[in-house]
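Visitor: Quick one, structure for this:
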Amino acid sequence: MKDSEKLRILGECTEKIRAHAVEVYPNECCGALFGHDAAREEGAEKPQEVLQIYPLVNRREDSPRNRFSVDPRDVIKAERTAETLGLSVIGWYHSHPDHPARPSEFDRQNAWPWYSYIIVSVRDGVPGEMAAWRLREDREGFVQEELHEE
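Guide: Next up is the predicted model:
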């Protein structure tokens with residue numbers, strides 16, 4: 001596996017993602033991943049690094065239990081906040097209540113290939129498996145990224 005298919009994340013970030021998922025269970029939580037996209041820098045073969053998370057409100061009104069939606073204004077605010085911290089939005093996270101930490105077809109249809117996506121499974125209010133994914137350039141499916149907690 002190339003380093004560009006690896007995602008490093010601080011342990012405190014995984015704890016915060018899991019806590020956010022439990023807090024909004026049985027609905028999906030969502031948020032932004034702030035860090036450095038070293039894997040995308042020219043000539044660099046380093047993994048991306050998640051250094052902070054930025055929780056967002058799931059704006060989905062019709063089915064928040066199995067879908068999430070963010071307002072474009074929330075995305076802009078996340079990007080501006082990351083910039084003030086000297087970081088970038090390198091991806092997004094969300095939970096799958098009572099389902100595995102694998103992308104759904106809805107996730108595929110609404111993802112962008114240049115971001116990492118962390119999904120955490122929450123069963124009966126207890127956080128479980130956490131996995132990272134990146135949409136392939138052809139948008140036909142996801143490649144699992146190796147998630148390294150530091």
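Visitor: give the contact list for the spatially most central residue of the chain.
Guide: For the chain, the residue nearest the mean C-alpha position is Y93 (2.4 Å; CA atoms, centre = their mean). Applying CB atoms under 8 Å, 6 or more residues apart in numbering, we find Y93 in contact with 17, 29-33, 53, 117-120. The C-beta positions use only the backbone N, C-alpha and C, and glycine is treated the same way.
Visitor: How about it: which residues does it bridge to?
Guide: G31, I118 (DSSP bridges).
Visitor: From Q109, how far off is it?
Guide: 18 Å (CB to CB, to the nearest Å).
Visitor: Nearest to R59, out of the contacts of Y93: which one, please.
Guide: Nearest to R59, judged by CB to CB, of those is C30 at 8.9 Å.
Visitor: Test my guess that the closest one contacts W92.
Guide: Yes: counting by CB atoms under 8 Å, W92 is a contact partner of C30 at 6.8 Å.
Visitor: Pull the residues that contact stretch 119-135.
Guide: Everything outside stretch 119-135 that qualifies as a contact, by CB under 8 Å, 6+ apart, is 5, 7, 9, 14, 17-18, 21-22, 25-26, 91, 93-103, 107-108, 111-113, 115-118, 141-147.
Visitor: Listing request: residues of this protein with sub-threshold pLDDT.
Guide: Counting by pLDDT under 70, the chain has low-confidence residues at 1-4, 38-46.
Visitor: and if we set it to 80?
Guide: 1-5, 37-47 (pLDDT under 80).
Visitor: Flag every buried residue along stretch 18-34.
Guide: Applying a neighbour-count criterion of 16 or more other CB atoms under 10 Å, one finds 18, 20-21, 24-25, 27-34 buried in stretch 18-34.
Visitor: Strands of this protein, residue ranges please.
Guide: In chain order, the chain shows strands spanning 6-9, 30-36, 48-56, 88-97, 116-123, 126-135, 142-149, with DSSP state E as the criterion.
Visitor: can I get those strands in a markdown table with distance to A78?
Guide: Output for the strands of the chain, formatted as a markdown table (distance: least, CB to CB, whole Å):
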| stretch | distance to A78 |
| --- | --- |
| strand 6-9 | 17 |
| strand 30-36 | 4 |
| strand 48-56 | 5 |
| strand 88-97 | 6 |
| strand 116-123 | 14 |
| strand 126-135 | 18 |
| strand 142-149 | 20 |
